[in-house]
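Chemist: got a predicted structure plus its sequence, pasted below:
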Amino acid sequence: MSDANQNGDSQKKSYHKKATGLALQTAEKHSRDHDLKLYGSCFCPFVQRVWISLELKQLPYQYIEVDPYKKPKSLLDVNPRGLVPALRHGDWGCYESTVLMEYVRLPAAALRGLKPMLTRFKLEDLQEGEPLLPPDAKTRAHSRLWSDHINRHIIPSFYRYLQEQDTEKQVTFAGELKDQIAKIASDADPNGPFFLGSSMSFVDVQMAPWVIRMEKVLKPYRGWPSAEKGSRWAKWVSAIEEHHAVKATTSDDGLYLDSYERYAENRPDTSQLAKAINSGRGLP
């Protein structure tokens with residue numbers, strides 16, 4: 001029986017409902033019940049952002065795989081829109097990947113100023129590991145600015161390129177994506193290898209899922225080229241791909257090939273994101 005993403009053709013590939021490879025090992029390692037729960041889907045890049053953040057900070061958490069197309073009640077209880085990622089901490093929940101990354105990075109001192117209900121939770125768990133955002137206000141603002149660039153420009157360009165069926169327009173959209181990448185790479189720390197220097201931080205985590213999908217999705221489906229050897233972009237890509245938190249949340253190549261075929265063919269009802277891109281709107 002085919003699902004909505006297969007348009008009635010059971011021979012077409014569809015999204016995976018279970019992680020593979022190292023990501024599966026990580027999911028199984030974090031399958032036990034815990035106050036901090038991440039509701040995610042193995043193919044979703046927005047989920048991977050939050051997942052990388054949790055692994056980077058080495059926080060204890062529970063990973064719960066859900067099918068966002070069937071929207072289980074446990075997910076709707078946290079996010080009424082039924083989208084992943086969603087995070088539940090005790091009986092409090094929140095969603096949107098960038099917001100969740102900010103929540104995970106907050107120190108206890110900042111959290112004390114939030115709603116009194118939050119004091120019931122084991123918020124000391126969130127202090128562990130290095131913060132994703134730097135301590136000084138100017139560099140935090142700089143990081144948020146380029147994170148906004150990723151969300152406003154790089155991600156939409158990625159999907160326009162992947163979903164476009166006309167080969168001439170694909171060339172145009174590939175050029176747009178390269179231009180947007182060049183802008184952020186030109187403002188990265190010159191020595192790197194990460195955006196701000198030697199350590200992975202907020203902007204790197206924001207970018208990481210799409211770096212992975214450029215290799216595993218855009219390259220096979222659209223002929224996306226490898227980063228030019230010796231370039232700042234190549235150094236950044238390599239650092240992201242080799243980071244332990246990224247590896248731990250990345251599945252085998254086949255999962256991405258299967259799960260993104262529907263985007264590459266621009267099938268109807270692929271996702272809310274695909275519909276937004278086709279209509280010229282921003283991210284949903």
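Modeler: The structure has been received and is ready for your questions. These figures come from a predicted structure and were not determined experimentally. Numbering: from 1, shown residues only.

Chemist: quick one: what helix or strand has the closest residue to Pro156 other than its chain neighbours in it?
Modeler: Distance criterion C-beta to C-beta, 6 or more residues apart in numbering; nearest residue to Pro156, sequence neighbours excluded, is Ile277 at 6.2 Å. Placement of C-beta: from N, CA and C, glycine included. In this assignment (DSSP states H and E), Ile277 forms part of helix 272-278.

Chemist: and that helix, what does it pack against?
Modeler: If you count contacts as 3 or more C-beta pairs under 8 Å, 6 or more residues apart in numbering; DSSP states H and E, helix 272-278 packs onto helix 155-163.

Chemist: elements contacting the helix or strand that the helix it packs on is followed by?
Modeler: For helix 155-163, the succeeding helix or strand toward the C-terminus, using DSSP H and E, is helix 167-186. Other helices and strands packing on helix 167-186, by 3+ C-beta pairs under 8 Å, 6+ apart, are helix 137-149, helix 155-163, helix 232-242.

Chemist: contacts for helix 167-186?
Modeler: With contact meaning C-beta atoms under 8 Å, 6 or more residues apart in numbering, helix 167-186 is reached by 146, 149-150, 153-154, 157-158, 160-161, 164, 195, 203, 207, 222, 224, 231-233, 236.

Chemist: mind doing that once more with 7 Å?
Modeler: For helix 167-186, contacts defined as C-beta atoms under 7 Å, 6 or more residues apart in numbering pick out 146, 149, 153-154, 157-158, 160-161, 164, 222, 232-233, 236.

Chemist: farthest-separated two in these?
Modeler: Glu164 and Arg232 (27.5 Å; C-beta to C-beta).

Chemist: name the stretch among the helices and strands packed on helix 167-186 that sits most buried.
Modeler: helix 155-163 (a mean of 22; mean count of other C-beta atoms under 10 Å).

Chemist: and the angle from that one to helix 167-186?
Modeler: 150 degrees (axes from the mean of the first three to the mean of the last three C-alpha atoms, to 10 degrees).

Chemist: just checking, what packs against helix 155-163?
Modeler: The criterion is 3 or more C-beta pairs under 7 Å, 6 or more residues apart in numbering; DSSP states H and E, and the helices and strands that helix 155-163 contacts are helix 167-186, helix 219-222, helix 253-264, helix 272-278.

Chemist: what residues of stretch 7-19 count as buried?
Modeler: 12-16, 19 (16 or more other C-beta atoms under 10 Å).

Chemist: my bad, should have said stretch 224-231
Modeler: 224, 227.

Chemist: ends of it, how far apart?
Modeler: Taking C-alpha to C-alpha, to the nearest Å, stretch 224-231 runs 16 Å from one end to the other.

Chemist: how far away from the center of its chain is that stretch?
Modeler: Distance of stretch 224-231 from its chain centroid, counting by C-alpha atoms, centre = their mean, to the nearest Å, is 22 Å.

Chemist: what lies in contact with that stretch?
Modeler: Under C-beta under 7 Å, 6+ apart, the answer for stretch 224-231 is 214, 218, 233-234, 237.

Chemist: and the residues you listed as a markdown table, adding distance to Asp253 and pLDDT?
Modeler: Output for the contacts of stretch 224-231, formatted as a markdown table (distance: C-beta to C-beta, whole Å; pLDDT from 0 to 100):
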| residue | distance to Asp253 | pLDDT |
| --- | --- | --- |
| Met214 | 13 | 98 |
| Leu218 | 13 | 98 |
| Trp233 | 21 | 98 |
| Ala234 | 20 | 98 |
| Val237 | 16 | 98 |
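
Chemist: quick one, which of the buried residues of stretch 7-19 has the minimum pLDDT?
Modeler: Among the buried residues of stretch 7-19, Lys12 carries the lowest pLDDT, at 87.

Chemist: how about Tyr63, secondary structure?
Modeler: strand (DSSP: H, G, I helix; E, B strand; the rest coil).

Chemist: brilliant, that's me finished.
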